[in-house]
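>>> Structure here, sequence nowhere to be found:
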């Protein structure tokens with residue numbers, strides 16, 4: 001396996017576009033979870049940086065040999081990663097690009113990474129419900145994982161009907177929740 005080339009830059013200079021999942025096949029390919037609304041975006045990439053598991057060098061640059069889409073998910077083959085065991089070492093790594101390479105978004109679209117850490121405020125009461133810590137997919141709209149001040153997790157559908165104001169610059173999302181939603185899904 002070829003060692004990654006190290007790059008050093010603050011975390012804010014990067015955008016996370018995906019997370020590497022399990023291996024696929026026996027040639028060193030990996031399934032990826034796309035964090036963009038357009039998994040086909042991966043097909044035009046020539047190189048990415050992998051961050052995450054301790055076994056990777058922070059900011060390790062990897063050249064992409066090929067990408068294909070399987071059931072809506074990118075399958076990535078990196079140059080020099082040629083076996084299942086090589087690929088398994090990359091499982092769980094975040095796939096990042098320099099922030100300067102972000103694809104411009106349409107009005108009303110957001111990068112998940114831009115919403116992470118945003119405060120969630122309830123419109124009716126002005127109550128701070130917590131902050132966005134992750135995402136879940138459940139067959140409908142994606143769910144915002146919100147860590148509450150009490151230490152609970154609140155799941156809020158990321159739908160315009162509920163997320164009525166999104167202010168990325170101000171790091172806040174104003175929500176209008178149906179009655180009972182807060183109590184229904186707190187863990």
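Okay, I see it. Because the structure is predicted, anything quoted here is derived from the model rather than measured.
>>> in the protein, which spans are strands?
Assigned by DSSP state E, the chain shows strands spanning 14-24, 29-34, 47-51, 60-70, 73-78, 94-98, 119-122, 128-136, 143-147, 153-157, 163-167, 172-175.
>>> do you know which of those strands lies nearest residue 113?
With Cβ to Cβ as the criterion, residue 113 lies closest to strand 14-24 of these, at 4.8 Å. Every residue, glycine included, has its C-beta placed from N, CA and C.
>>> do you know how far the spatially most central residue of the chain is from residue 99?
Centroid-nearest residue in the chain, with Cα atoms, centre = their mean: residue 35, separated by 4.0 Å. Distance of residue 35 to residue 99, computed by Cβ to Cβ, to the nearest Å: 14 Å.
>>> hang on, the earlier thing: ok, which of the strands of the chain comes nearest residue 85?
Here strand 14-24 is closest among the strands of the chain (Cβ to Cβ), at 9.0 Å.
>>> Might you list the low-confidence residue ranges for the chain?
The chain contains residues with pLDDT under 70 at 1-12, 37, 53-59, 185-187.
>>> go again using 50 as the cut-off
Residue ranges of the chain with pLDDT under 50: 1-10, 58.
>>> the domain parsing of it - what is it?
In terms of domains, the chain is parsed into 11-101, 112-185 (source: automatic domain parsing).
>>> ok, and the closest non-adjacent residue to residue 144?
residue 156 (4.6 Å; Cβ to Cβ, 6 or more residues apart in numbering).
>>> ah, wrong one, I meant residue 29
residue 77 (4.7 Å).
>>> Same question for residue 149.
With Cβ to Cβ, 6+ apart, the residue lying closest to residue 149 is residue 130, at 6.2 Å.
>>> show me the contacts for that neighbour.
Residue 130 makes contact with 119, 120, 146, 147, 148, 149, 154, according to Cβ atoms under 8 Å, 6 or more residues apart in numbering.
>>> Make CSV out of the residues you listed and add neighbour count and distance to residue 110.
Listed next are those as CSV, based on neighbours: other Cβ atoms under 10 Å; distance: Cβ to Cβ, whole Å:
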residue, neighbour count, distance to residue 110
119, 16, 15
120, 23, 14
146, 23, 16
147, 17, 19
148, 16, 22
149, 10, 24
154, 23, 19
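>>> Thanks again, I'm all set now.
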